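# Starting from these lines, generate the structure:
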Amino acid sequence: MKKLHEKLNLTFKISIALFGVSLTIAHFIDPAAWPKIYSYLVTIVLPFIPDFLKFFGIYSSTRLQIAFSLFLGLAMVAGIDFDLYRTLYIFGNPCFDKVAHLSSGFMAAFVAKEILDQNYDGREVKVSGSKTARVKHYDTRFAWLFIVSFVALTAAGWESYEFLYDKITGGSMQTLLASGVDDTMWDILGALSMGIIAAFPLSKK
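Numbering: from 1, shown residues only. Next up, the predicted model:
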């Protein structure tokens, strides 16, 4: 199973990077049809961020890297590179942004689980006679609360970034003129709801 996960991880990384390379080439062939050159270049690099972080002693599990790659494929490649944020409509309403925010809840939950596992030393328990072993077994309720809180913090932090970006650059990432605070609040609630769902299986050790 471990080797299968490693193969999937590498396959996803290379596939996303190849999308970035292909779109970069398409830009130079027809820049009007494929104008997002900086996004395409970033798409080549982003899948390998976990490998880059290893040089700074920051490690992530294969499971988390796979989740990260799947999120990149959805939010970066499909959403930004192929412009589904603006072009995908259901019943006359743009919906891909909500799909990405729902997925971000799952992604943040996996990150929280990773942080919990890496920073919890566990408890010493007797295994045989006088022998002891350190076992990672934390309280499920605490783990659930930690994961949900981390998802809520991540969602609020992202919306804060969008707000500051709009104020500084005059952009409209939050679409406040069109939707008021509805877009922001639904984004937070969507991510939080998915984080709550994901926290139930992830909080069990």
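# From now on I want contacts and neighbour counts done on CA atoms only, so please keep to that.
Will do.
# So which residues of this protein form helices?
Along the chain, counting by DSSP state H, helices occupy 2-29, 37-45, 49-53, 62-72, 84-87, 96-119, 140-169, 176-179, 182-202.
# Would you mind saying which of these lies nearest residue 78?
Closest approach to residue 78 among the helices of the chain is made by helix 84-87 (6.1 Å; C-alpha to C-alpha).
# Now do that closest one, average pLDDT.
Mean pLDDT, helix 84-87: 76.
# contact partners of it?
Identification of contacts with helix 84-87 by C-alpha atoms under 8 Å, 6 or more residues apart in numbering yields 78, 79, 94, 95, 96, 97.
# Stretch 64-78 too?
Stretch 64-78 is contacted from outside by 5, 8-9, 12-13, 16, 19-20, 43, 46-47, 50, 84, 100, 103-104, 107, 110-111, 114, using C-alpha under 8 Å, 6+ apart.
# Please apply the same query to stretch 11-21.
With contact meaning C-alpha under 8 Å, 6+ apart, stretch 11-21 is reached by 40-45, 47-48, 66, 69-70, 72-73, 77.
# Can you convert those into JSON lines and add a column each for neighbour count?
As requested, the contacts of stretch 11-21 are exported to JSON lines (neighbours: other C-alpha atoms under 10 Å):
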{"residue": "40", "neighbour count": "26"}
{"residue": "41", "neighbour count": "16"}
{"residue": "42", "neighbour count": "14"}
{"residue": "43", "neighbour count": "25"}
{"residue": "44", "neighbour count": "21"}
{"residue": "45", "neighbour count": "14"}
{"residue": "47", "neighbour count": "25"}
{"residue": "48", "neighbour count": "17"}
{"residue": "66", "neighbour count": "20"}
{"residue": "69", "neighbour count": "24"}
{"residue": "70", "neighbour count": "19"}
{"residue": "72", "neighbour count": "21"}
{"residue": "73", "neighbour count": "22"}
{"residue": "77", "neighbour count": "21"}
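# Just the closest of those to residue 188, please.
Closest to residue 188, out of all of those and judged by C-alpha to C-alpha, is residue 72, at 19.1 Å.
# number of nearby residues for residue 15?
15 (other C-alpha atoms under 10 Å).
# Next one, pLDDT for residue 51 please.
What the model reports as pLDDT for residue 51 is 92.
# Number of residues surrounding residue 32?
Residue 32: 10 neighbours (other C-alpha under 10 Å).
# how near is it to residue 24?
12 Å (C-alpha to C-alpha, to the nearest Å).
# next one: residue 160
31 Å.
# Could you tell me the least trusted of the helices of the chain?
Averaged per stretch, pLDDT over the helices of the chain is lowest on helix 176-179, reaching a mean of 50.
# rewinding a little: neighbour-wise, which of residue 160 and residue 24 wins?
residue 24 (23 against 14).
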